[in-house]
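In: this one's structure only:
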């Protein structure tokens, strides 16, 4: 099978490549089947592309890359819903909102994406935890250069 993505081009895939989100994603409940794509040109980002609507896609990052102490509460029910026995067997991602000024790029830490690659099932959590934000900046604050200060 093949779909076309505006940035990634033509994507060939098989049913074994599809990750199903039985509950969908927040705001996109009717789209349940996605591909997770890693391409060197976009590293360290992973693209999550809807098989049913290739115009619907999300850049993802492993939240531990920019928030090493990230430790969301994953319940037994969450694990059961994606046929996992423990959180360590899962891949976890945060949806990233890329801004024109890269320093303003954020990740959603309160809605992590869990993926059981073995079973090809995913779930987006909704954390009720004040420690995590939907707009966590992924780059540290760097002082502006003197050239940028003049503008």
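Out: Perfect, thanks for sending it. For clarity, every value in this text was computed on a predicted model and none was experimentally measured. Residues are numbered from 1 along each chain as shown.

In: Can you pull out the low-pLDDT segments for this protein?
Out: 141-151 (pLDDT under 70).

In: Parallel or antiparallel, which strands does the strand ranked longest in the chain pair with?
Out: Scanning the chain for the longest strand, with DSSP state E as the assignment, gives strand 91-97. Strand pairing for strand 91-97, using DSSP bridges, gives strand 57-61 (antiparallel), strand 106-107 (antiparallel), strand 113-116 (antiparallel).

In: Tell me the helix or strand right after the last one.
Out: Downstream of strand 113-116, the first helix or strand assigned by DSSP states H and E is strand 121-124.

In: Residue 53 contacts residue 31, doesn't it?
Out: Yes: applying C-beta atoms under 8 Å as the test, residue 53 and residue 31 come out as touching, 5.8 Å apart. No exception for glycine: its C-beta is placed from N, CA and C like everyone else's.

In: which strands and helices sit next to the longest helix along the chain?
Out: Longest helix in the chain, counting residues (DSSP state H): helix 76-81. Where contact means 3 or more C-beta pairs under 8 Å, 6 or more residues apart in numbering; DSSP states H and E, helix 76-81 is packed against strand 121-124.

In: what comes into contact with the strand it packs on?
Out: Strand 121-124 is contacted by residues 19-23, 25-26, 34, 78, 81-83, 111-116 when judged by C-beta atoms under 8 Å, 6 or more residues apart in numbering.

In: starting at the chain centroid, how far to that strand?
Out: Relative to the chain's own centre, strand 121-124 is displaced by 11 Å; criterion: C-alpha atoms, centre = their mean, to the nearest Å.

In: quick one, what contacts the closest residue to residue 5 other than its chain neighbours?
Out: Spatial nearest neighbour of residue 5, excluding adjacent residues (C-beta to C-beta, 6 or more residues apart in numbering): residue 54 at 5.0 Å. Listed by C-beta under 8 Å, 6+ apart, the contact set of residue 54 reads 3, 4, 5, 6, 11.

In: Just the closest of those residues to residue 47, please.
Out: residue 5 (7.6 Å; C-beta to C-beta).
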